[in-house]
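Undergrad: predicted model and sequence follow; I will ask about them next.
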Amino acid sequence: MSERRLADLLAMWRIRAFEEKVRDLRAEGPIVGSVHLCIGQEAIPVGACGELEPHDALFATYRGHGWALARGVPARPLFAELMGRASGVNGGRGGSAYFTAADHGFHGENSIVGAGAPIACGAALAGRFDGSHRVAVSVFGDGAMNQGAVHEAMNFAAAFSLPVVFVCENNRYSELTPIADMVRAPRLADRAAAYGIPGHRIDGNDAEAVRFHVRDALEVAREGGGPTLLECMTERLVGHYIGDAETYRRPGELERVRRREPIARLREGLLADGVPAADLDAVERRARAEMAAAAEAALAEPPADPATAREHLYA
Amino acid sequence: MSERRLADLLAMWRIRAFEEKVRDLRAEGPIVGSVHLCIGQEAIPVGACGELEPHDALFATYRGHGWALARGVPARPLFAELMGRASGVNGGRGGSAYFTAADHGFHGENSIVGAGAPIACGAALAGRFDGSHRVAVSVFGDGAMNQGAVHEAMNFAAAFSLPVVFVCENNRYSELTPIADMVRAPRLADRAAAYGIPGHRIDGNDAEAVRFHVRDALEVAREGGGPTLLECMTERLVGHYIGDAETYRRPGELERVRRREPIARLREGLLADGVPAADLDAVERRARAEMAAAAEAALAEPPADPATAREHLYA
Amino acid sequence: MRDLTYGEAVNAALHRLMEELPETLVYGEDVGVPGGVFGVTRGLRKQYGERAFDTPISESAILGSAVGAAMMGRRPIVEIMWADFSLVALDQIVNQAANVRYVSGGRLTAPLTIRTQQGNAPGACAQHSQCLEALFLHVPGLRVCMPSTPQDAYDLLVTAVHCDDPVLVVENRTLYFGRKEPVRTDGPVQPMGGARTRRAGSDVTVVTWGAMTHQVLEAAEALAREGVDAEVLETPWLNPFDTETVIESAGRTGRLAVVHEANVTGGFGAEVVARVAGAGVPLAAPPIRIGTPDVRMPAAPVLAQALVPDAARVIEEVKRLTKAGAP
Amino acid sequence: MRDLTYGEAVNAALHRLMEELPETLVYGEDVGVPGGVFGVTRGLRKQYGERAFDTPISESAILGSAVGAAMMGRRPIVEIMWADFSLVALDQIVNQAANVRYVSGGRLTAPLTIRTQQGNAPGACAQHSQCLEALFLHVPGLRVCMPSTPQDAYDLLVTAVHCDDPVLVVENRTLYFGRKEPVRTDGPVQPMGGARTRRAGSDVTVVTWGAMTHQVLEAAEALAREGVDAEVLETPWLNPFDTETVIESAGRTGRLAVVHEANVTGGFGAEVVARVAGAGVPLAAPPIRIGTPDVRMPAAPVLAQALVPDAARVIEEVKRLTKAGAP
Ligand SMILES: Cc1ncc(C[n+]2csc(CCOP(=O)(O)OP(=O)(O)O)c2C)c(N)n1
Ligand SMILES: Cc1ncc(C[n+]2csc(CCOP(=O)(O)OP(=O)(O)O)c2C)c(N)n1
Ligand SMILES: [Mg+2]
Ligand SMILES: [Mg+2]
C-alpha cells in the first residue's frame, strides 16, 4: 500500500518538477508563448492514468503536461516540444497547449475549451467497431461544463452507451473567473443525471480516490454500461497561465489551498505512516533530477527546421 | 370557466384551421417550400400566450405559425408571408419557417435548431436594463435539447437569474427520429436540475395545464427567480414537414395520438360539461371561416416586388 | 452502368464504400433508420446494421466524434443536413479536423468525410439557402468538392472516403431527384482534383461548379446560338483546384467569367480571378464574376429569383463580356 | 489628445461608449471583474456595475444573447477572446445576427458589436493563431474592421458601436501593449469605411490591413531606400471596403500587392485583386498577394516565422513585382 503511495508521490513529483522546470524555461527564454501549468492538480492524472490500458485513448486540454507524463510520454520529447525542437513529440508544431503523442495513448491536448469531449466520443465509438473496445477518457475543466460541445458529447455518449470517462478537473476557476459565479448549481457532477449517467464528485487531490473512481467508471464502460462523469475537486496553485497576476485570489485563499494540495498531503500521510522523511525527500530529488536532465538534453537538441514548416498538411 | 375553455377551443381551432389552410395552399401552389405544421400541438401556444404581457418577448421555431397566431399576429399577413406577398409580415422574406412580427411581441421563428434559446436570454437581459423587466419565452422541440446552444442558454439564464421561460414542445420526434432513441434519460424536464432551475413535465395537450405552469414560471421570472424549463408533452398529428411520408410511425400510433389530441379532448370535455355540440361546431366553423377569409384576402394581394430584394441589408 | 439520379448515385457510392471499406461508418441526423431526409442513405441501416445510425441533433458531437473515430482508424462519413448547420460546429472542422495531420506531423490523421448539401431552393429561408464553400476553401487541411452530375456525385464521394484527409462533399438538394443518367459504379477510385471541360469553346472561358453548372451549360448553348462560343469548365474539386486548366483556357479564349451561386464578395470566384490575374494571363476584357449579390436570401421565390444567378443572367453578362474591350 | 497604447485606446473607447450610450453593455469571458485577459476592459465593472460582466465559457450564449439584447434596443459589446473561438458559435453571427434586419425588412435590428482579436504571436498554437476575417467578409449583413493603430482602435470601435448593424472589430493581441501614441478621444463619431494612405508613393500600391500594416510600412521605408516608392493603403474597414481608393491608386502606380496575415487561398486579398482586375485597371505587372501560405500554424516560433509574412518578405516580393514586366 505505501509502495503504491510512494509511486504516486514519485509520479506527482515528476509532474510538478516538470512544470516548475517549464516555468523556469519560460522565464529564461527557451519556451515561448502561452503556458498553462497543472501545479496542484497532479493527483488526477496520476490516479487516473494507471488504470488505463495501452489501447485506451486520452484527450486532455492545454493544461495537459501532467496527463501526458502520467500516460507515459517521456519528459525529454515533451520538453523538446515546448522548446520548439525537431525532436519534440510533434516537432514543435503543437507546443505547450496542443501536442499529441498517440504512440503513448495520449491523443492530444486541445486548446479549444470543450472540443475534446466529442472527439473522445469518436475514439470510443471506433473501439466498438475495431474490436479494441477501448475506453476514451475526456479531460476538461469546470468552465468547460458550460460549453455546448461538452453537453452534446455527454448526451451522445449516454445515448449510445459509449465507453467514455468524462473527467472534469474542477479547480474552481475558469481562467480568472470563479466557476461558482457562472453556474447556479455548483455541483457539476450532478449534471450527469441530465444524461442518465452516473456522476460523482470526488477528492481530486487524492490520487487514491481518483484511482478508485476511475477504475469503477472504466469497469462500467468496459461492460457496456456507458459513460461516467467524474468531477475531481482540486486547485491550481499557480495562475491560469504563466504571467497571470492572480488578482482574483481572495485573501488567504492560496494558503488554504496549499494545505489541501496533493503532494504535501500525501507526504504528510506517508510520514504519519512512518516512512522516513529522507526517503520522501529522495523521491523529490529523484524527480527533479530526472526532469532537469530531460530538460537539459532537450535544450541541447536542434530546433525545428523551418524548411519543413509546410510538410504534412495533406497525405 | 367554460367560457375560457371555449375561448381556448376557438384559439386552437384558429391555429388548426390556419394550418390546414396552409396545407391546402402548399398543395395547390401558392405556398412553396418547406412547411412545418403544428397540428396537434395547439394547446401549448394557446395556453402559454394568454399569460404574456405585450412587452414580453417570444422566440419560436420553424414550427411557429401557432405561436404567432396565439400571440396575436393577424392571420392575413401571416398567410401573405407564407405566400410571398409584399403584405406579409416580412414582405415574404421570412417565409413559413423564419418570420418575425415584433410589433406583436413575436420575435421570430428560427430555422436553426436551438439557436433561439440564447437569443431569448438576450431579450430577457435587455429587460433588466431598459426597465421593462420583460420575460422572454423560448420555444423549441425535444430534439433541440441535445443542441449545445440550448445547454449554454439554460446555464446562462440560470447563472444570471434571467427571466426566461424555456418551453420544450416534446412531440416525441426530432424530424423522423424518436427522441427516446437519442437520450438515455427520457424525462427532459429533469435536465433543469443540472442548471439549478425548476423543471416540470406537463400535459402539453391541455391548454389549462400549460397556462397554469406558464403563469407560475412567469411569476418566478418576474420576481427575479430566474428561468424555468417546461417540458410540454404533445404529439404532432402530421409529418415533420409537408411531404414527410411518416414511415417512422408505429402501427396504431396515430390512432392513439388522436385520442389525446387537444382539440378533440377539449371538445369532449365541454360536451361532458353540457355545452351543446352545435355551439362547439359553431366555434370550428367560425375559425375556419376566419381563416378562409384571411387566406383569400392574402391570396389576392400583390407579390413581393423583386426590385426590393436588395433593400434593408444595412441601416 | 446503372441509370441513377444524383441522389441515387450518392446512395450507390455509400453502399459501395460500406462494402469495400469495412472501416466506414455512416451517421448523422435521420440518416440511419429513416434513410435520410432526402432518402440518400436509404438501405444502409438495413444492410450494415450498427455501422449506419441516427444521431441526436448535435452537430458538434457528430463532427467531433467523426474526428475522433477517424483518428483511431475509422472512416466516418457523416452528414450535416444543410451546410448552414455546419456553423453551429465549425470548430470541429476548422480547429480540429484540419489540424490533426499537420500538428502531429503525420502521426495522426483524420480521414473523415463530411457530406452536406447547400444552396437555395424555392421557398427556402435565409438559414437554409447559403452556399458556404468559400468558408471551407479558406481552411488549409481540408479537401472540398461539389459534384453536379450523378457520375460525379458517385465518383467524388468514393474518392473522398478513400482520401486520408478530411473532405467535404457539398451536394445540392435541388439535384437529388433530377434526371436518371448512366453511372459507372464499378470503376476504380478516381484521382482527386481536375477540371471537367463540359463544353469546349473559343470565345470565353466560363468557370463554374455545383448546381450552377447546369445553368451555365444551358446559357452556353443559348450563347452558341447567338454566335458566342463559350468554353465551360466545371471544377468539381475546389481543393485541390485545377488552376492550370483554368489558366490555359482563359489564356486561349482571352476572356474569363466565374459563376457560382455563393455571394460574390469573398466567394471562391475571387480566388479564381486572382489566380488568373496573378498568373499574368493576358485577357481581352476584365474578368467578371457572376454570383448572388451581397444580400441575405429572402424566402419568397419571386424575391430569391431576383438574386440567385440563372441561365438568363449568365447569357446576358457573358454576352456583355464578349463585347467588352481590353482594359 | 491622450497618450495611449492600442489596448488602452480600446479601453478608452469602451469607457466613452458606456458613458455616452446608456444602452451599451460589455460582456464576455473574464471581461468584467478581471477586466479582460489583456486588461482591455479594465475599470468598466467598477465604473458601470452590472453593465459590464463576466460570462460562462459559452460563446453561443454570449453571441446569441447579444443578438437578442440588440433586437430589444441594447447595444451589447461582446468579446470573443480569440477569433478562433468564434467557430464554436458562428451560427449566431452568420445565421442570426446577419439576418435580423434583412429578414424583418428593417423592423428589427441587431446593433451588436463583437470585439475579438486574432493572428499569430510567438509560441501560439494552431488553434490560437488564425486570421479569419475572410470568413466574416463573405457574410452580407455584417460590418468588419481591423484597426492597427491606437487612434483607429479607438475610432473604429466607437463607430462600430454607434452603427445600427452587427459589426466585428478584429483587434490584434500583439498590438495591445505597443507604443503609446497621442489619441484624440473627444472627437465626433467617425464615418464608417474609407482607406488610409499610410504612405504616398508612385511605383506600386500595397494594400494591407491589421497588424500587417506595420510590417508593410517598415518594408516601404526600406524599399524607399532602395529606390522603390511604394504607396501603402491601409484599409481598416473591410466591410464596407473602399474599392475606389484602391483602384485609383493601383491605376496610378500600375502595380498592386495585397498583404495580409491570413492564408492566401480564399483570403480577402483575392477579393481585392478580383475587384481591381474586374475594374479593368491596367497594370504593368500581374498583381501579387502576400499572405501566410496555405498551411496550419505551427507553435514553434522558428517554424511560424517561416510562414507568417514579415517586412523582409514584403520587401523581397514587392521588389520583384516592381521589376516584373507587363503580362
Ligand atoms: C471555446 C473557447 N472559449 C474560450 C477559450 C479561452 N479559454 C482558454 S482556457 C479557459 C478557461 C477554461 O477553464 P476550465 O474549463 O475550468 O479549465 P482550466 O483552465 O481551469 O483547467 C478559457 C475561457 C477557449 N480556449 N476556447
Ligand atoms: C442546427 C440544426 N441542425 C439540424 C437541423 C435540421 N432540423 C430541422 S427541424 C429538426 C428536428 C427538430 O426536432 P425538435 O427539436 O424535436 O422539434 P420539432 O420539429 O419536433 O418541433 C432538425 C434536425 C436544423 N434546422 N438546425
Ligand atoms: Mg477550471
Ligand atoms: Mg420534436
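TA: It's in. Ligands and ions are numbered 1, 2, ... in the order given.

Undergrad: for the stretch 201-315 of chain A, what lies in contact range of chain D?
TA: By C-beta under 8 Å from any C-beta of the partner chain, the part of the stretch 201-315 of chain A that sits against chain D consists of A:247-248, A:303-304, A:306-310, A:313. For every residue, glycine as well, the C-beta is placed using N, CA and C.

Undergrad: dead centre of the chain: give me the residue that sits there.
TA: Unless you meant another one, I'm taking chain A. Residue closest to the mean C-alpha point of chain A, counted by C-alpha atoms, centre = their mean, is residue A:67 at 3.6 Å.

Undergrad: hmm, no, I was thinking of chain C.
TA: Looking at chain C with C-alpha atoms, centre = their mean, the centroid-closest residue comes out as residue C:146, 1.6 Å off.

Undergrad: so that residue sits against residue C:212, correct?
TA: No: counting by C-beta atoms under 8 Å, residue C:146 stays clear of residue C:212, with 9.4 Å between them.

Undergrad: quick one, helices of chain A?
TA: Using DSSP state H, the helices of chain A run over residues A:2-28, A:43-49, A:65-70, A:75-82, A:116-129, A:148-159, A:192-195, A:207-222, A:253-260, A:262-272, A:277-300.

Undergrad: those: which one's closest to residue B:26?
TA: helix A:148-159 (33.1 Å; C-beta to C-beta).

Undergrad: that closest one versus helix B:116-129: what angle between them?
TA: If you take axes from the mean of the first three to the mean of the last three C-alpha atoms, to 10 degrees, helix A:148-159 sits at 140 degrees to helix B:116-129.

Undergrad: next one: the helix or strand of chain A with the lowest mean pLDDT to chain centre, how far?
TA: None of the helices or strands of chain A scores lower by mean pLDDT, DSSP states H and E than helix A:253-260, at a mean of 93. How far helix A:253-260 lies from its chain's middle: 20 Å, per C-alpha atoms, centre = their mean, to the nearest Å.

Undergrad: neighbouring contacts of it?
TA: With C-beta atoms under 8 Å, 6 or more residues apart in numbering or on different chains as the test, helix A:253-260 has contacts from A:40, A:205, A:235, A:237, A:264.

Undergrad: buried subset of those, written for PyMOL?
TA: A single PyMOL command selects the buried members of those (16 or more other C-beta atoms under 10 Å in any protein chain shown):
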select buried, chain A and resi 40+205+235+237
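
Undergrad: contact partners for residue C:31?
TA: C:41, C:44, C:52-55, C:79.

Undergrad: who in chain C is up against chain B?
TA: Near chain B, when you scan chain C using C-beta under 8 Å from any C-beta, you find C:29-30, C:33-34, C:37, C:54-61, C:84-85, C:88-89, C:121-128, C:293-296, C:298-307.

Undergrad: let's go with 7 Å and repeat that
TA: Applying C-beta under 7 Å from any C-beta of the partner chain, one finds that chain C approaches chain B through C:29-30, C:34, C:37, C:54, C:56-58, C:60, C:85, C:88, C:121-128, C:293, C:295-296, C:298-303, C:305-307.

Undergrad: buried subset of the residues you listed?
TA: Buried among those by 16+ other C-beta under 10 Å: C:29-30, C:34, C:37, C:54, C:56-58, C:60, C:85, C:88, C:121, C:123-128, C:295-296, C:298-303, C:306-307.

Undergrad: circling back to that earlier point, need the contacts of helix A:253-260 in CSV with pLDDT and distance to ligand 1, can you?
TA: Output for these, formatted as CSV (pLDDT from 0 to 100; distance: C-beta to the nearest ligand atom, whole Å):
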residue, pLDDT, distance to ligand 1
A:40, 98, 11
A:205, 98, 15
A:235, 97, 10
A:237, 97, 13
A:264, 97, 21
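
Undergrad: now the contacts of helix A:253-260 as JSON lines including distance to chain B?
TA: Converted to JSON lines, these look like this (distance: C-beta to the nearest C-beta, whole Å):
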{"residue": "A:40", "distance to chain B": "26"}
{"residue": "A:205", "distance to chain B": "25"}
{"residue": "A:235", "distance to chain B": "22"}
{"residue": "A:237", "distance to chain B": "27"}
{"residue": "A:264", "distance to chain B": "33"}
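
Undergrad: roughly how far apart are the residue nearest to the centre of chain C and residue C:311?
TA: With distances taken as C-beta to C-beta, to the nearest Å, residue C:146 is found 19 Å from residue C:311.

Undergrad: again, but for residue A:244
TA: 60 Å.

Undergrad: tell me which stretches of chain C form strands.
TA: With DSSP state E as the criterion, chain C has strands at C:2-4, C:24-28, C:52-54, C:75-80, C:113-117, C:143-145, C:167-171, C:181-183, C:196-199, C:204-208, C:230-234, C:237-239, C:256-263, C:288-292.

Undergrad: how much space between the residue of chain A found nearest chain D and residue D:318?
TA: The minimum distance from chain A to chain D, using C-beta to the nearest C-beta, falls at residue A:33 (1.7 Å). Separation of residue A:33 from residue D:318 (C-beta to C-beta): 30 Å.

Undergrad: same thing with residue C:83?
TA: 38 Å.

Undergrad: contact residues of chain C facing ligand 2?
TA: Contact residues, chain C versus ligand 2 (C-beta under 6 Å from any ligand atom): C:29, C:57, C:59, C:81, C:85, C:88.

Undergrad: ok and the residue in the stretch 151-300 of chain A nearest ligand 3?
TA: Going by C-beta to the ion, ligand 3 is nearest to residue A:171 of the stretch 151-300 of chain A, at 4.2 Å.

Undergrad: need the phi and psi values for that residue.
TA: Note on residue A:171: backbone dihedrals following degrees, to the nearest 10 are phi -100, psi 20.

Undergrad: I'd say it and residue A:232 touch.
TA: No: Residue A:171 is not in contact with residue A:232 according to C-beta atoms under 7 Å; the separation is 9.0 Å.

Undergrad: more neighbours: these two, which one.
TA: Taking other C-beta atoms under 10 Å in any protein chain shown, residue A:171 and residue A:232 do not tie; residue A:232 has more neighbours (29 against 24).

Undergrad: look up how far ligand 4 lies from the nearest residue to the more buried one once chain neighbours are set aside.
TA: Of all residues not flanking residue A:232 in the chain, residue A:204 sits nearest, at 3.0 Å (C-beta to C-beta, 6 or more residues apart in numbering or on different chains). With the distance defined as C-beta to the ion, to the nearest Å, residue A:204 ends up 39 Å from ligand 4.

Undergrad: equivalent analysis for residue A:107, please.
TA: Here residue A:107 is placed at a distance of 35 Å from ligand 4 (C-beta to the ion).

Undergrad: okay, now the domains of chain C?
TA: Structurally, chain C divides into domains by automatic domain parsing as follows: C:2-183, C:196-323.

Undergrad: and among those domains, the most buried is which?
TA: domain C:2-183 (a mean of 24; mean count of other C-beta atoms under 10 Å in any protein chain shown).
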